[in-house]
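Colleague: build the 3D model from these lines:
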Amino acid sequence: LLLAPKQTPLTLELTAHGRTARLTKTPGESVEHILLKALVWALYLPDYETAECEPHASALDVGSRFHPDVVALSPSGTPVWWAECGSVSAAKLSTLSAQLPSTHLTVVKWATSDLRGYAGSLRRDMRRASAQRLARDAPFELISLPADSAERFLSDDGQLLIDWEQVLDRVDLGE
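Modeller: Got it, this is the predicted structure:
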């Protein structure tokens, strides 16, 4: 699966906690990025039952110009959890943090065993990117998944089997 060329389109139908997600890899997108979306969805699904991977843009009006990789919405359509996977700029995270102070934000990285240094740099860059520091009342965290996640957490029949004990690292960005 991880050997699929970046330019090759691919559609995966994956299941976790009795729910199914259909993810489409666009040309230029890595398989790792698709797997990050699926795995973070599977991790948080017990807490956020409305979570969706790659929500359709026209059905999502969250008050931001940005589009989440994975999101869970309240009954009123407000995001209660928002996940960004892979590379994401400090400017984007600053904007999301300010626009969505009551939304649980998660950034997921691939095979980063120690997120503390990255978290420190990201905090500094976010302070520089934002002229104002707004108080958040929801978590903002970074997590890292192992490089062998596909082999460890994805079964041959498309079941995602992952829990928090298998996460490489988890850091609260608000610390």
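
Colleague: when you work out contacts or count neighbours from here on, use the C-alpha atoms and nothing else.
Modeller: Noted.

Colleague: three-state assignment of Thr71?
Modeller: Rather than Thr, residue 71 is Val. Assigned by DSSP: H, G, I helix; E, B strand; the rest coil, the conformation of Val71 is strand.

Colleague: partners of it in the sheet?
Modeller: Residues in a beta bridge with Val71, per DSSP bridges, are Glu52, Trp82.

Colleague: what's the neighbour count on it?
Modeller: Close neighbours of Val71, defined as other CA atoms under 10 Å, add up to 27.

Colleague: so how far is Asp114 from it?
Modeller: Distance from Val71 to Asp114, counting by CA to CA, to the nearest Å: 25 Å.

Colleague: pLDDT score for the residue nearest the centre of the chain?
Modeller: Residue closest to the mean C-alpha point of the chain, counted by CA atoms, centre = their mean, is Ala83 at 3.1 Å. We have a pLDDT of 96 for Ala83.

Colleague: right, and it touches Ser97 too?
Modeller: No - proximity of Ala83 to Ser97 does not meet the contact threshold set by CA atoms under 8 Å, at 11.8 Å.

Colleague: low-confidence bits of the chain, can you list those?
Modeller: Low-confidence segments of the chain (pLDDT under 70): 1-5, 56-64, 129-134, 175.

Colleague: mind listing the strands for it?
Modeller: Secondary structure of the chain (DSSP state E): strands at 10-16, 19-25, 52-53, 70-73, 79-85, 104-110, 140-145, 169-172.

Colleague: for the fifth one, C-alpha coordinates in CSV please.
Modeller: It refers to strand 79-85. The C-alpha coordinates for strand 79-85 follow below in CSV (Å, rounded to 0.1, in the frame of the first residue of the first chain):
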residue,chain,number,x,y,z
PRO,A,79,-16.9,21.7,14.6
VAL,A,80,-16.2,20.1,18.0
TRP,A,81,-13.0,18.4,16.8
TRP,A,82,-10.7,19.2,13.8
ALA,A,83,-7.7,17.2,12.7
GLU,A,84,-4.9,18.3,10.3
CYS,A,85,-2.6,15.5,9.0
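
Colleague: alright, calling it a day.
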